[in-house]
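In: Compute the structure for the input listed below.
(2 chains)
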Amino acid sequence: MRPAVPVLLLAAAPGAALAHAAEQGFVLLLPTRAWIASGVATVALTVLLVSLLPGRAARGLFAARDLGPGRPLPGRGMAALAGFLAVPALLAAGLLGPRDPGRNLLPLTVWTVFWVGFPVLHALAGDLWRHANPWRWPAAMLRRAGLRPCLRPPAGVLPALGLASFLAFAAVLLAHPAPTDPRRLAAMVAGYWAFHLAGALLCGPRWLRRAEGFALFLAACAALAPLAREGGRWRLGLPGWRLLVRPDPGPLAAVFPLAMLAVGSFDGFNETFTWVALLGLNPLEFPGRSFVVLPNLAGLLLSLPALLAVFALTLAAGLALAGRRGTGAAVRALAPALLPIALGYHVAHYLPSTLVEAQQVAAAVVEPLGLGHVHVTTGFFGTLATVRTIWLAQAGAVVAGHVLAVLLGHALALRHLGQPRAAALSQLPLAAFMVGYTLFGLWLLATPRGV
Amino acid sequence: MTLATTTRRGALKALGAGTAAAALPLWARYAGAQSAAPIRIGFQKHATGIGATYGRWYERVSQAAVKRINEAGGINGRPVELVTEDDGTDPKRGAEVVEKFALEHNCDIAFGTLFSHVVMGSAPRAGELKLPYFVVSEGHHVASGALNRWTLQPGITDVKSQVRAMAPWVAANLGKKVTMIFPDYAFGHDHRDNFSEAIAAAGGEIAGLIAIPPTETSFTRYFPQVPAETEVIYHVMVGPGVLTFVKEMGEFFGPSRPQVFGFIDSLEGVDLTSPGLEFLEGTYFWEGNPRYAQPDQTSHDKAYRAAVGVDDNGASVDDPRDVSTYAHMFGCWETLNVIRAGMEAAGYAGPEDRQKLVEAVEAMTEMPLSDDHPQGAKVFNGKTHQVFGPQYISKVEGGRLNVVHTASIEDGMYPDEVDYTTQPF
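Out: The predicted structure follows:
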């Protein structure tokens, strides 16, 4: 059923499983054209306002308020142990639990809690995965027992592995024929866990920060957390403020936000009538994921270089307008501005499926314990009023993400180029890109889907 | 052992089997059978993919039917267990699932598939594995002869029958000049061909045939093609564009529109009282089983709704907005009851009796209206492996569907296209 965003495309993705013809039927009855126009206009207006803003004011938007000195939160040891213990528990659920993916806690946890929920949680609460990931505890125990890292890979290898590991995860989401099958997923999770444990033992703790795709994904989301501890003090600011107090990322790390956006965009796009028809398939009788493994894999792998090329050309055009050079450095400086877009689309894309899957998670926890019955309803997809509310919430997430990205892009450009005039000029093509991407993101929500 | 079995069975009978059995603990209820091991029915569920909405309700109905069967003593004294596997609404995975049922899960039979392409993809593997495969798909592929001796559809009528049964009433009550609007691929073509033939036989005629490309989402430019003499528009649009289609049709024709007849498949799971659907008022739909409880509701429909957890509006008793796939899902309930009857007639004891089970079902003919068959009486055709039953035509009035006609079993009959019983096992 009918799975859909950076997170996954519902149709093709597990969430897609939940694609509901009635919901889409109602979406097509809604005045989405007018709403899309309003959303695009909102982002365009933000571009205009921010370009008129004095440099100091733009920087001031992202100034964080100092809340005083603070210690790290307690309980990190317990979190590491809990993260580790979750692995055998989830694998047992996958291997021994119900065969229905909507009732099995392994696929529900991996695709709904981890893939969909954790990025949002991290964007709100900071980098919890760093403390609670399932390798930290066993790696520490083995180190304590005397095992020492023995490999020091050349610079760039670990970030490359991290990117590859994230894309592998996305490939399962978008192109595997049965990403929610509990047993097959258990094998994949066990393999992923063993691979990264071996890496952490061979290369030390830095592996878990740089080469594990989920850590990079969640750390990128956590960079948007409004409340965080920086330099030993708790600070509160507009989401994205932390990006302005950090140095520019390295070249591969800078590609990561683009990879998130590319995965999310293709996740949405691969469900559309447009994509299905492009493959020569009838969207009204979609033949199943088995038939689109290679096209989806190709689409996913091509979407990243395509987006990177467009982004780099956009920045190069902006630099030319401002009479500056250095596209590579500009990509590194400005790629983080795409994070709010990726996250906003993630929320929008997965909202409908999450409304169903969250109930399935509740049922999978409550019912085996004999604590009662949870009726999993999809009734909210069957009336115009509820579908309207859901759609507007999705569109709101997309527009909010772009508005924040425009502000953040301006502040990052100011930091990168120094002069407000040069920054404003250099931002024009990027602003046009973001306005265009708003249109694309909202179109993805409104266009009919065949998967 | 045999003696003990006989004695205990006799005692149970003396007590009044059904009630007494239900009162006993599970182990004691089945202790009399030669084997108390459960009969395992592989349930091929559309848990993910485009069929997930149906899959959810098919499972609820199937679980309710199994619960009822078990409470009445199971099958041949053995409890029944559903073994659920997700086929992803994907033909390739469907075949894998059938294989898992036979080789890995030790299932006695496979059951439950709805989407036609999944049936088409799975049935050949079921035939190779000699696994009885009971589908609830309403596709014509079973009766057309495209499948095999091991694949049967005894719990739901096929589309060919449904379409043909509509023609006599449409011609007599809505009008004789019909324009068909249908999606331009196999599904729509089947409607076009079957209904064209049937309406001619009923004294009507086709005024126009309008094929819509499957990717179309706006339909206003097609309505001017509807010939002026059209008395009835027959539409079978599916997919996300269907609500737009009906709305634009309402806007185009206004109050002077022709009569409009469609298939409820387009609106399964949709609350008809939702704003935005006003344009459906006064139009007619085929229903496989009336979603709204009718004034002449049978005790069987009442019992079925209660068992499945569906209210008088066809929605879940847990959430009145969660509208069921009422027109189709009864097929799971009835199929499981056919399986029970077949296993009992065959004296089914295990996988070695699979052939006997198929032969027992092939020998079935009349299935009276009952708690086992709450949608209506049925006639099973053992040669074509297809069941025939009543069809309902309902009118949207005040946001609910009121049955205005029940087409007879005979209205949906057509000449046999295959005799599976001549094929070797």
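In: give me the low-pLDDT residue ranges for the stretch 101-250 of chain B?
Out: Regions of the stretch 101-250 of chain B meeting the criterion pLDDT under 70 are absent.
In: Now it against chain A: closest residue?
Out: B:P240 (3.5 Å; Cβ to the nearest Cβ). C-beta coordinates here come from the backbone N, C-alpha and C atoms, glycine included.
In: Hmm, A:R130 is touching A:E212, no?
Out: No: when contacts are counted by Cβ atoms under 8 Å, A:R130 is not listed as touching A:E212 (10.4 Å).
In: Among those two, which residue is more densely surrounded?
Out: Set side by side, A:R130 and A:E212 show more neighbours around A:E212, with 25 against 18, by other Cβ atoms under 10 Å in any protein chain shown.
In: ranges for the helices of chain B?
Out: Under the criterion DSSP state H, chain B contains helices at B:2-15, B:17-23, B:26-29, B:52-71, B:91-103, B:116-128, B:159-169, B:186-201, B:242-253, B:299-308, B:326-346, B:354-362.
In: what's the angle between the fifth one and helix B:354-362?
Out: For helix B:91-103 against helix B:354-362, the angle between stretch directions is 120 degrees (axes from the mean of the first three to the mean of the last three Cα atoms, to 10 degrees).
In: For helix B:91-103, buried residues please.
Out: By neighbour count, and taking 16 or more other Cβ atoms under 10 Å in any protein chain shown as the criterion, the buried residues in helix B:91-103 are B:P91, B:K92, B:R93, B:G94, B:A95, B:E96, B:V97, B:V98, B:E99, B:K100, B:F101, B:A102.
In: Pick out whichever of these sits closest to chain A.
Out: Checking those against chain A with Cβ to the nearest Cβ, the nearest one is B:K92 at 3.8 Å.
In: picking up where we left off before, let's have the helices of chain B in JSON lines, adding distance to chain A.
Out: Below are the helices of chain B laid out as JSON lines (distance: least, Cβ to the nearest Cβ, whole Å):
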{"stretch": "helix B:2-15", "distance to chain A": "29"}
{"stretch": "helix B:17-23", "distance to chain A": "20"}
{"stretch": "helix B:26-29", "distance to chain A": "16"}
{"stretch": "helix B:52-71", "distance to chain A": "2"}
{"stretch": "helix B:91-103", "distance to chain A": "4"}
{"stretch": "helix B:116-128", "distance to chain A": "6"}
{"stretch": "helix B:159-169", "distance to chain A": "14"}
{"stretch": "helix B:186-201", "distance to chain A": "7"}
{"stretch": "helix B:242-253", "distance to chain A": "4"}
{"stretch": "helix B:299-308", "distance to chain A": "12"}
{"stretch": "helix B:326-346", "distance to chain A": "13"}
{"stretch": "helix B:354-362", "distance to chain A": "22"}
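In: Make CSV out of those helices and add distance to A:G323.
Out: Converted to CSV, these look like this (distance: least, Cβ to Cβ, whole Å):
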stretch, distance to A:G323
helix B:2-15, 95
helix B:17-23, 86
helix B:26-29, 82
helix B:52-71, 55
helix B:91-103, 57
helix B:116-128, 59
helix B:159-169, 68
helix B:186-201, 60
helix B:242-253, 51
helix B:299-308, 72
helix B:326-346, 67
helix B:354-362, 81
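In: In the record's domain split, what are the boundaries for chain B?
Out: By the assignment in automatic domain parsing, chain B contains the domains B:33-157+B:326-389, B:160-287+B:391-412.
In: out of these, which comes closest to A:N282?
Out: Ranking the domains of chain B by distance to A:N282, with Cβ to Cβ as the measure, places domain B:160-287+B:391-412 first at 4.9 Å.
In: Excluding chain neighbours, what is closest to A:P340?
Out: Distance criterion Cβ to Cβ, 6 or more residues apart in numbering or on different chains; nearest residue to A:P340, sequence neighbours excluded, is A:L404 at 3.9 Å.
In: any idea which helix or strand comes after the helix or strand hosting that neighbour?
Out: A:L404 is part of helix A:384-417 when elements are defined by DSSP states H and E. Beyond helix A:384-417 in the direction of the C-terminus, DSSP H and E gives the next helix or strand as helix A:420-446.
In: Is that next one positioned near chain B?
Out: No: applying Cβ under 8 Å from any Cβ of the partner chain, one finds helix A:420-446 separated from chain B by no less than 10.4 Å.
In: Count the neighbours of A:P420 for me.
Out: A:P420 sits with 19 neighbouring residues when counted by other Cβ under 10 Å.
In: Contact partners for it?
Out: For A:P420, the contacting residues are A:P54, A:G55, A:A58, A:L414, by Cβ atoms under 8 Å, 6 or more residues apart in numbering or on different chains.
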